[in-house]
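[1] The following block contains a protein sequence and its predicted model.
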Number of protein chains: 2
Amino acid sequence: MTDSYEPTERTIPTRSRHRASYDRALVHSILDEAYVCHLGFVRDGAPVVLPTLYGRIGDRLYVHGSTGSRPLRMAGTAGTAGTAGTGDEAPGLPVCLTVTHVDGLVLARSAFHHSINYRSVVVHGTAHQVTDPEELRTALDALVDHVVPGRSYDSRPANAKELAATAVLRLDLEEVSAKVRTGGPNDEPEDATLPHWSGVVPVRRRYGTPIPADDLDPALALPDYLSVI
Amino acid sequence: MTDSYEPTERTIPTRSRHRASYDRALVHSILDEAYVCHLGFVRDGAPVVLPTLYGRIGDRLYVHGSTGSRPLRMAGTAGTAGTAGTGDEAPGLPVCLTVTHVDGLVLARSAFHHSINYRSVVVHGTAHQVTDPEELRTALDALVDHVVPGRSYDSRPANAKELAATAVLRLDLEEVSAKVRTGGPNDEPEDATLPHWSGVVPVRRRYGTPIPADDLDPALALPDYLSVI
């Protein structure tokens, strides 16, 4: 495994190429810091973008949903691309999976140079429904552990009925890029003396105090893995 | 103007319909609390999802970008849907614009019932390039003010060169839905006595201390509109 993904025509941005990266470690770190991606697919010729949870195992991403949900059903019945010789039963669903962190509001002296500090990952590919029972269980654990690391060991695993109601799609990390903006505003030199405050307002994610379920046994202490997130 | 958007086949979810809403005020409040949307469009038959800033004026959303960026160029040259009689010069770009807030991690006793508390809005429609100079300026102000309310009055407006380099797309809020999950885990009754902590970990957005630009005049105080975000 190399340290970088291979750029493709789709993953080379038309704008701000200096912000693009194909570094595998960077891509993984951006993916692992979020829980929710925005999954795009095409339905009746039109784009659809839905937020959904995901997990990662190495260079494979997993998203899940009810077997009755649209993208899950479509992955089993539709699709157009790249499945010859993969051994998959269904043709898969062409998707674009995007993850974005907002790190700061960039206020420039000029309206034009206002911006956002962000880190994003865009994955292009074909999602395939996971049919192997072992991979399905591993993927579901990864989905739970992606939100709260260690949680899959401290919850009841899915039973046969729940497994039957859950569909999981796999998307391989092959055609993928990261894009990152950091730093302060890029004002024009001639704007430097304008009387407008300029700089960056940091934006962060913050966790509140966990709220126990109404019927939780008060003797059950907050687990250690929750005290560190 | 009615208080609700009309549901359509595309905006009625296949799953968790009880979480869907078409309430105009709710949709606007979700949109106004975020700065970054995920904009989906179709390129060469495949989905593309990119994070981008947006603004709102009433029932119109605006996204902007360089005149050289892909979706902006495509909106001026491609598209397939719904433009007859609108008076627009270009056919527009079919898009799906999605905004999501993560409000909490929902930890159930069972892996299956793990979830996320969230508020999302999904907008379907055709984006049209703004050509009217007055609407263009108003939209650009709305984009800046969407990130920091009041900021457009405290920055240099775009000059002719900057205006020429900026393209703005308009997307009308017509086919739109919100989806909201709140509350604690929905565990199965038979799982209530399992020895796993369950409940919700709140997730919030937090602003850090603003960082002045390196070359900012120290005499320029932090504006009031930044002390309240």
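    Great, that's in hand. What you see is a predicted model, and the numbers here were worked out from it, not measured in a lab.
[2] where in chain A is pLDDT low?
    Scanning chain A for pLDDT under 70 picks out A:1, A:77-89, A:228-229.
[3] how about the strands in it?
    Secondary structure of chain A by DSSP state E: the strands cover A:20-21, A:36-43, A:46-57, A:60-66, A:93-107, A:115-129, A:166-172, A:175-181, A:199-207, A:211-212.
[4] so what does the fifth one touch, helix or strand wise?
    Think strand A:93-107. Taking 3 or more CB pairs under 8 Å, 6 or more residues apart in numbering or on different chains; DSSP states H and E as contact, the helices and strands that strand A:93-107 lies on are helix A:24-32, strand A:36-43, helix A:70-77, strand A:115-129, strand A:166-172, strand A:199-207, strand B:36-43, strand B:46-57. C-betas here are computed from N, CA, C, even on glycine.
[5] I'd like to know which of those is closest to B:N117.
    Distances from B:N117 to each of the helices and strands packed on strand A:93-107 were compared by CB to CB, and the smallest falls on strand A:36-43, at 11.2 Å.
[6] And the residue located most distally from the centre of chain A, its phi and psi?
    In chain A, A:T193 marks the outermost C-alpha relative to the chain mean, sitting 40.8 Å out by CA atoms, centre = their mean. The phi and psi torsions at A:T193 (degrees, to the nearest 10) take the values phi -100, psi 0.
[7] With adjacent residues omitted, what lies nearest to it?
    The shortest distance from A:T193 to any non-neighbouring residue, by CB to CB, 6 or more residues apart in numbering or on different chains, is to B:D217 (7.6 Å).
[8] Tell me how many other residues surround that neighbour.
    Residue neighbour count, defined by other CB atoms under 10 Å in any protein chain shown, stands at 13 for B:D217.
[9] Go through the helix ranked longest in chain A and flag the buried ones.
    Longest among the helix segments of chain A by residue count, using DSSP state H, is helix A:133-147. Applying a neighbour-count criterion of 16 or more other CB atoms under 10 Å in any protein chain shown, the buried positions in helix A:133-147 are A:136-147.
[10] which strands and helices sit next to that helix?
    Taking 3+ CB pairs under 8 Å, 6+ apart as the contact cut, helix A:133-147 packs with strand A:46-57, strand A:60-66, helix A:160-165, strand A:166-172.
[11] Just the CA trace of that helix, in CSV.
    Listed in CSV are the C-alpha atoms of helix A:133-147, where the atom choice follows Å, rounded to 0.1, in the frame of the first residue of the first chain:
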residue,chain,number,x,y,z
PRO,A,133,-22.0,-12.6,6.9
GLU,A,134,-18.6,-12.1,8.5
GLU,A,135,-17.9,-8.9,6.7
LEU,A,136,-21.4,-7.7,7.6
ARG,A,137,-20.8,-8.2,11.3
THR,A,138,-17.4,-6.6,11.1
ALA,A,139,-18.8,-3.6,9.2
LEU,A,140,-21.6,-3.1,11.7
ASP,A,141,-19.1,-3.1,14.6
ALA,A,142,-17.0,-0.6,12.6
LEU,A,143,-20.0,1.7,12.2
VAL,A,144,-20.7,1.7,16.0
ASP,A,145,-17.1,2.1,16.9
HIS,A,146,-16.6,4.9,14.4
VAL,A,147,-19.1,7.0,16.5
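[12] and the angle from it to strand A:46-57?
    Angle, helix A:133-147 to strand A:46-57, by axes from the mean of the first three to the mean of the last three CA atoms, to 10 degrees: 90 degrees.
[13] Report the angle between helix A:133-147 and strand B:115-129.
    Computed by the same axes, to 10 degrees, the angle separating helix A:133-147 from strand B:115-129 equals 80 degrees.
[14] Relative to the whole chain's centre, how far out is helix A:133-147?
    How far helix A:133-147 lies from its chain's middle: 15 Å, per CA atoms, centre = their mean, to the nearest Å.
[15] cool, and stretch A:139-151?
    Averaged C-alpha coordinates place stretch A:139-151 at 14 Å from its chain's average position (CA atoms, centre = their mean).
[16] Residues in contact with it: which ones?
    A:32, A:35, A:53-57, A:62, A:64, A:130, A:152, A:155, A:157-158, A:163, A:166, A:168, A:170, A:223, A:225-226, A:229, B:105, B:107, B:111, B:114, B:116, B:201 (CB atoms under 8 Å, 6 or more residues apart in numbering or on different chains).
[17] Just the buried residues of those residues.
    Those of these that meet the buried threshold are A:35, A:53-57, A:62, A:64, A:130, A:152, A:155, A:158, A:163, A:166, A:168, A:170, A:223, A:226, B:105, B:107, B:111, B:114, B:116, B:201, by 16+ other CB under 10 Å.
[18] residues touching the residue lying closest to A:T138 once chain neighbours are set aside, list them.
    Counting by CB to CB, 6+ apart, the nearest residue to A:T138 once its immediate chain neighbours are dropped is A:I57, at 6.7 Å. For A:I57, the contacting residues are A:138-139, A:142, by CB under 8 Å, 6+ apart.
[19] Kindly report the same for A:T67.
    A:73, A:164-167.
[20] So which of the residues you listed wins on neighbours?
    For these, the largest neighbour count, defined by other CB under 10 Å, is 22 neighbours, found at A:A167.
[21] Now that one: closest residue in space, sequence neighbours ignored.
    Leaving out its chain neighbours, the residue that sits closest to A:A167 by CB to CB, 6+ apart is A:L72, at 4.0 Å.
[22] what's the neighbour count on the one you found?
    Counted with other CB under 10 Å, the burial measure for A:L72 works out to 23 neighbours.
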